[in-house]
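>>> 3D, please:
(2 chains)
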There are 2 protein chains.
Amino acid sequence: MEKYTKSMGKLIQALRKMPGLGPKSAERIAFHILRLPHSEAKAMAYSILKVKESIKFCKLCGNLSEDDACSICGNPKRSKDIICIVQQPTDIVSIEKSSAFQGVYHVLGGALSPLDGVGPENLRIRELQARVKVSRPKEVIIATDSDSEGETTALYLARLLKKEKLKVTRIAYGLPMGSNLEYADQVTVAKALQGRVPV
Amino acid sequence: MEKYTKSMGKLIQALRKMPGLGPKSAERIAFHILRLPHSEAKAMAYSILKVKESIKFCKLCGNLSEDDACSICGNPKRSKDIICIVQQPTDIVSIEKSSAFQGVYHVLGGALSPLDGVGPENLRIRELQARVKVSRPKEVIIATDSDSEGETTALYLARLLKKEKLKVTRIAYGLPMGSNLEYADQVTVAKALQGRVPV
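Purely as a prediction, here's the structure:
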């Protein structure tokens, strides 16, 4: 006995593949879509297609873009003298939300992970080398993740970029804001102590 | 400063309107869609449109259907002698999942709620009256919710249907399966005591 009509079943199946959606939430969203006005459901379907069609990658930094240059590389107010290296376009979103960075980015497209077969040639590292040779930035900030792949990538990049006589920095690791020392893990506490700054 | 490209922003906005999706999960799903193969993204957009286009309501019971009669009303194995009244098509899904009911349904489309301006004329009650006059079922089960609107609706329907000399029952309320008496609320415990059955 089918519980849903065929088209509902298909929609629920498609939704269940999304990250964080279990069977219950997929069902709930499908019924919500069913109750939406025609125009809104159409707009939603269209925006899915539009994203796939219109999004390319910025030729310079590798960020998501609808043109050849992304909105950050194309913004004359952003300083081209400081480049922040990140793993993914989503990392740019996080940094932009903090409003703490006014330079430009370089997206690697991942992190070094020999076990998964990801070497330097699979990341946008050659593009990075070519880019810094031309633009000679005053500083390169490495903002890869703080897991083992991200740390390995940071070390590798730091060595590479220092050869080019560039100022290379790494974002700080320590206690997250609003947290308690009591609940922090040992590695974070150690990093926070090592990274202490004069006040 | 825009954090996303225009089309990503639109998709995230559309996703945020879905029940249970906050800004973070909407963002995560949008980036997931971006990484999907073209064919899968298309299939998903298409299934949203398809649901809106192809789903009608069963003329007899009010359930979701892609034809004039839904798959339950159209199934010769389902007993037409027993009608279960529910508020929404989603309630049918819940009951079908339990596999404990082999009759047919009647969807009201909501519950009586004078404060929200929902009276008997806004629900599919006239259709119900006409239906039972013709089909003379052996039993009518009222399976509205156990909140105040659902209870009011149940009382109203019970009175109405008893006038037609029908056997009217209400689904049981009590402790949910797998729960502890210790954590049950007072009203549920009271209902469970009132509804005790010989073993």
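
>>> Let me see the contact set for residue A:173.
A:146, A:188, A:191, A:192, A:195 (C-beta atoms under 8 Å, 6 or more residues apart in numbering or on different chains). For glycine as for every other residue, the C-beta is placed from the backbone atoms N, C-alpha and C.

>>> Distance-wise, check it relative to residue A:188.
Here the criterion is C-beta to C-beta, to the nearest Å. By it, residue A:173 lies 7 Å from residue A:188.

>>> Strands along chain A, start to end?
All strands of chain A, identified by DSSP state E, fall at A:56-57, A:64-65, A:82-86, A:104-107, A:139-142, A:168-170.

>>> Need the contact partners of the first one.
In this structure, residues lying in contact with strand A:56-57 by C-beta under 8 Å, 6+ apart are A:63, A:64, A:65, A:66, A:67, A:68, A:107.

>>> okay, now the residue nearest to residue A:10 when sequence neighbours are not counted: neighbour count?
Residue nearest to residue A:10 in three dimensions, not counting chain neighbours: residue B:47, with 4.7 Å by C-beta to C-beta, 6 or more residues apart in numbering or on different chains. Neighbour count of residue B:47, defined by other C-beta atoms under 10 Å in any protein chain shown: 22.

>>> wait, what's in contact with residue B:47?
A:7, A:10, A:11, A:14.

>>> which one of those has the most neighbours?
Top of these by neighbour count (other C-beta under 10 Å): residue A:11, with 29 neighbours.

>>> Relative to residue B:27, how far out is that residue?
According to C-beta to C-beta, residue A:11 stands 21 Å off from residue B:27.

>>> do the same with residue A:8
26 Å.

>>> Name the residue in these two with the higher neighbour count.
Taking other C-beta under 10 Å, residue A:8 and residue B:27 do not tie; residue A:8 has more neighbours (25 against 21).

>>> In this structure the more buried one contacts residue B:63, no?
No. If you go by C-beta atoms under 8 Å, residue A:8 and residue B:63 don't touch, sitting 11.1 Å apart.

>>> okay, now the domains of chain A?
A:6-54, A:78-170 (automatic domain parsing).

>>> Need those domains in JSON lines (columns: distance to residue B:93 and mean pLDDT).
Output for the domains of chain A, formatted as JSON lines (distance: least, C-beta to C-beta, whole Å; pLDDT from 0 to 100):
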{"stretch": "domain A:6-54", "distance to residue B:93": "7", "mean pLDDT": "91"}
{"stretch": "domain A:78-170", "distance to residue B:93": "35", "mean pLDDT": "92"}
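
>>> Could you provide the contacts of residue B:47 in TSV, with additional columns for distance to residue A:142?
TSV is the format used below for those (distance: C-beta to C-beta, whole Å):
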residue	distance to residue A:142
A:7	48
A:10	44
A:11	42
A:14	38
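
>>> of the residues you listed, closest to residue A:101?
residue A:14 (36.4 Å; C-beta to C-beta).

>>> My guess is the closest one contacts residue B:42. True?
No. With contact defined as C-beta under 8 Å, residue A:14 does not count as touching residue B:42 (10.5 Å).

>>> Just the buried ones from the contacts of residue A:173?
If you count burial by 16 or more other C-beta atoms under 10 Å in any protein chain shown, the buried members of those come out as A:188, A:191, A:192.

>>> Check the gap between residue A:131 and residue B:62 for me.
Taking C-beta to C-beta, one finds residue A:131 at 62 Å from residue B:62.

>>> Between these two, which is the more surrounded one?
residue B:62 (23 against 17).

>>> Skipping its backbone neighbours, what lies nearest the more buried one in space?
Nearest residue to residue B:62, sequence neighbours excluded (C-beta to C-beta, 6+ apart): residue B:107, at 3.4 Å.

>>> same check, this time on residue A:152
In this structure, residue A:152 finds its nearest non-sequential neighbour in residue A:112, 5.1 Å apart by C-beta to C-beta, 6+ apart.

>>> Check residue A:97 too.
Using C-beta to C-beta, 6+ apart, the nearest residue to residue A:97 is residue B:3, at 6.5 Å.

>>> Brilliant, that's me finished.
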